[in-house]
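*Asks:* I need the structure of the sequence given here:
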Amino acid sequence: MDKSGGGSSGGVQRKEDAGGGRVAASVGEGSKTSGPEPTVNSQRVFKKSSPNNKVTLYVSSRDLVVREEGVDSLQGVVLVDPDYVQDRKVYGQVTLTFRYGREDEEVMGLKFCNEAIMALGQLYPPHPHATPRTLTPLQEALLRRLGANAYAFTLHVTPLAPPSVQLVPAKEYNGAPIGTSYEMRAYVADRPDEKPHRRSSVRMGLRVVQRAPRRWRKVLGVDGALLPSVGENGEQGEGNAEGVPPGIHSKAEKAFLLRSEGRVELEAWLDRGVFAHGENINVRVAVRNRSSRTVRRIKVLVVQHVDVCMFSNGKFKNVVASERSSEGCPLHPGATLLKTYPLRPTRGATKNWIALQDTLGATAAGACLASTVEGDEDEDRNNVFAIYVSYYVKVKAVMGGAMGGALAVKLPFSLVQPEDDDEDEDDEDRQPEPSSSEDKAAGGTETPAVVPTEEGDGGGTSLT
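*Replies:* Take a look at the predicted model:
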């Protein structure tokens, strides 16, 4: 290993991505060596080569996180063969593909997809008027390792880029993913608008994601911390100093035609307004029957609502968790029911299209539900490429009698993916592998790229 490796070696665990045969490499912390040599850490790198191996792309992450100040920039390094490029240039762009129809229904040249460029830049040679930017520790390590033909780049994605959402129809479908997807393209051309040749171009799938801030991890229960809860009387929480949304409370009552028949009161609470994927949502329900009617049963549903902005009728919803309980029912006049219903939103059989997380070209069979996607309150949702996803809990009390009817309340909440560091890999699963700067992928597939960085240079951090 070269000098930057500090003479230590780390184990490598390969992760196979079903989309296009792509492989990522995850390398653990290197062992300390005797003497004054610093501790060496390694970072995960995604590498993709063109079919002719003349252009190779290295990026630290394929997830671009939407933050308050905008979308994360795409930072990486491109390795070129100057003898092949000669007087031409290498351009890079981030492309949004919005597919709004099934691929198997495209006939007579009709395409149910649109494309838009979210970022565009010249990667090689460096533009003479480009603003100098500070390199990341990973970029510095790659430049030292790959040599003089490697060039660092930064592509700034427009803040109008909507998060990635994959729509799955109710009927079986095996075509191109429907919804919003992104990819990074690096190609050799004389002009940026020139159609690239397949053999000299690189295409790597990306995702634009919304995640909960890292400061919410304890509140989301990721670290096993105690969760805030509403009081015995169901008062709504006031939030906390971390800016986490407080608990959700809703109350409704139903009065009947004759005042002498009384009324039925229904209250429901959520201890928080934000939940992580895989968490149970504890819905606390209180029913007070102050009427002469009977409450037959209670229904608690978690509903996913999807709004495809391109179409005026592109709104649909699906039940992703449900609980129909007759425990404590029928609720006779003068009785009160207080019960907590645990629900976990999961993908199941649906009658409408359902929104899932983008799988970067892999099959959607194991994909989880899409996170909440919200637009700015000041906007009129005029982004035609956006797919907004929201969730709410619906609690329904069904009355008895010929004209009993039902009473319902809704509790909106957000389903998010916590922003977390890369998961630690088990040492027993790691396999040692020699690394070489001359490794190149055949046929345009990604290969493991292990980049050691010195701790003194700020390396070893996991980029998201």
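*Asks:* tell me what the biggest helix by length in the chain is packed against?
*Replies:* As assigned by DSSP state H, the longest helix anywhere in the chain is helix 137-146. With contacts defined as 3 or more C-beta pairs under 8 Å, 6 or more residues apart in numbering; DSSP states H and E, helix 137-146 has these neighbours: strand 40-49, strand 74-80, strand 150-155, strand 449-454. Placement of C-beta: from N, CA and C, glycine included.
*Asks:* and the ones you listed as TSV, adding distance to R191 and mean neighbour count?
*Replies:* Shown next, in TSV, are the helices and strands packed on helix 137-146 (distance: least, C-beta to C-beta, whole Å; neighbours: other C-beta atoms under 10 Å):
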stretch	distance to R191	mean neighbour count
strand 40-49	23	24
strand 74-80	17	23
strand 150-155	18	20
strand 449-454	30	25
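*Asks:* okay, these in TSV with distance to I298 and mean pLDDT next?
*Replies:* Below are the helices and strands packed on helix 137-146 laid out as TSV (distance: least, C-beta to C-beta, whole Å; pLDDT from 0 to 100):
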stretch	distance to I298	mean pLDDT
strand 40-49	47	79
strand 74-80	49	95
strand 150-155	52	95
strand 449-454	55	45
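*Asks:* Now render these as a markdown table, adding distance to L415.
*Replies:* Shown next, in a markdown table, are the helices and strands packed on helix 137-146 (distance: least, C-beta to C-beta, whole Å):
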| stretch | distance to L415 |
| --- | --- |
| strand 40-49 | 26 |
| strand 74-80 | 26 |
| strand 150-155 | 29 |
| strand 449-454 | 33 |
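*Asks:* the strands in the stretch 251-400 of the chain, which residues?
*Replies:* 262-270, 274-276, 281-291, 295-308, 315-325, 336-343, 354-356, 387-399 (DSSP state E, counting those that start in this stretch).
*Asks:* now, of those strands, which is deepest in the fold?
*Replies:* strand 354-356 (a mean of 24; mean count of other C-beta atoms under 10 Å).
*Asks:* outside of that one, which residues touch it?
*Replies:* 165-168, 170, 179, 304, 306, 318, 320, 347, 364, 367-370, 387, 389 (C-beta atoms under 8 Å, 6 or more residues apart in numbering).
*Asks:* about what we covered before: compare the strands of the stretch 251-400 of the chain and give me the one nearest K254.
*Replies:* strand 262-270 (4.9 Å; C-beta to C-beta).
*Asks:* Can you name every helix or strand that that closest one contacts?
*Replies:* Strand 262-270 packs on strand 248-255, strand 281-291, strand 387-399, strand 406-418, going by 3+ C-beta pairs under 8 Å, 6+ apart.
*Asks:* who does the second one pair up with?
*Replies:* Take DSSP bridges as the rule and strand 281-291 pairs in its sheet with strand 262-270 (antiparallel), strand 336-343 (antiparallel).
*Asks:* chain center to stretch 293-305: distance?
*Replies:* Relative to its parent chain, stretch 293-305 has a centroid offset of 30 Å by C-alpha atoms, centre = their mean, to the nearest Å.
*Asks:* do stretch 409-416 as well
*Replies:* 18 Å.
*Asks:* Going by the annotation, which residue ranges form each domain of this structure?
*Replies:* 3-213+421-457, 245-418 (automatic domain parsing).
*Asks:* weakest of these in terms of mean pLDDT?
*Replies:* Mean pLDDT per stretch puts domain 3-213+421-457 lowest among the domains of the chain, at a mean of 75.
*Asks:* Contacts only, for T97.
*Replies:* C113, N114, E115, T180, S181, Y182, E183.
*Asks:* Of the residues you listed, keep whichever come out buried.
*Replies:* Buried members of the contacts of T97, scored by 16 or more other C-beta atoms under 10 Å, are T180, S181, Y182, E183.
*Asks:* now stretch 115-127: how far from the chain's centre is it?
*Replies:* Counting by C-alpha atoms, centre = their mean, stretch 115-127 comes out at 24 Å from the chain centroid.
*Asks:* Looking at the helices and strands packed on strand 262-270, spot the one closest to V77.
*Replies:* strand 406-418 (27.3 Å).
*Asks:* rewinding a little: among the helices and strands packed on helix 137-146, which is nearest V264?
*Replies:* strand 74-80 (55.4 Å).
*Asks:* buried stuff in the helix or strand following that closest one?
*Replies:* Helices and strands here follow DSSP states H and E; after strand 74-80, the next one along the chain is helix 82-85. Within helix 82-85, the residues that qualify as buried by neighbour count (16+ other C-beta under 10 Å) are V85.
*Asks:* I'd like to know which elements helix 82-85 is packed against.
*Replies:* Counting by 3+ C-beta pairs under 8 Å, 6+ apart, helix 82-85 packs on no helix or strand.
*Asks:* thinking in terms of the whole chain, how far from its middle is the following helix or strand past that helix?
*Replies:* The helix or strand immediately downstream of helix 82-85 is strand 89-99, counting by DSSP H and E. Centroid separation for strand 89-99 versus its chain: 20 Å, with C-alpha atoms, centre = their mean.
*Asks:* quick one, strand 89-99 and strand 295-308 angle?
*Replies:* Interaxial angle, strand 89-99 versus strand 295-308 (axes from the mean of the first three to the mean of the last three C-alpha atoms, to 10 degrees): 150 degrees.
*Asks:* So which residue is smack in the middle of this protein?
*Replies:* Centroid-nearest residue in the chain, with C-alpha atoms, centre = their mean: V209, separated by 4.0 Å.
*Asks:* give me the element that one is part of.
*Replies:* Counting by DSSP H and E, V209 is part of strand 201-212.
*Asks:* Run through the neighbouring helices and strands of that strand.
*Replies:* strand 40-49, strand 55-59, strand 63-67, strand 178-189, strand 406-418.
*Asks:* Those: which one's closest to L135?
*Replies:* strand 55-59 (12.9 Å).
*Asks:* who's in contact with the closest one?
*Replies:* In contact with strand 55-59 (C-beta under 8 Å, 6+ apart) are residues 45-50, 74-81, 90, 142, 146, 184, 186-188, 200-202, 204, 440-441, 449.
*Asks:* chain center to that strand: distance?
*Replies:* How far strand 55-59 lies from its chain's middle: 23 Å, per C-alpha atoms, centre = their mean.
*Asks:* CA atoms only for that strand - export them in PDB, please.
*Replies:* Coordinates of each C-alpha in strand 55-59 appear next as PDB, following Å, rounded to 0.1, in the frame of the first residue of the first chain:
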ATOM      1  CA  VAL A  55     -13.500   7.700 -18.300                       C
ATOM      2  CA  THR A  56     -13.900   6.600 -14.700                       C
ATOM      3  CA  LEU A  57     -16.200   8.300 -12.100                       C
ATOM      4  CA  TYR A  58     -15.700   8.300  -8.400                       C
ATOM      5  CA  VAL A  59     -18.300   9.700  -6.000                       C
END
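*Asks:* is it true that R284 touches L266?
*Replies:* No: using C-beta atoms under 8 Å, R284 is not in contact with L266; the gap is 11.9 Å.
*Asks:* buried ones in stretch 343-361?
*Replies:* By 16+ other C-beta under 10 Å, the buried positions in stretch 343-361 come out as L343, P345, R347, T350, W353, I354, A355, L356, Q357, D358, T359, L360.
*Asks:* who's in contact with the third one?
*Replies:* Contact analysis of R347 by C-beta under 8 Å, 6+ apart lists V320, I354, L356, A367, C368, L369.
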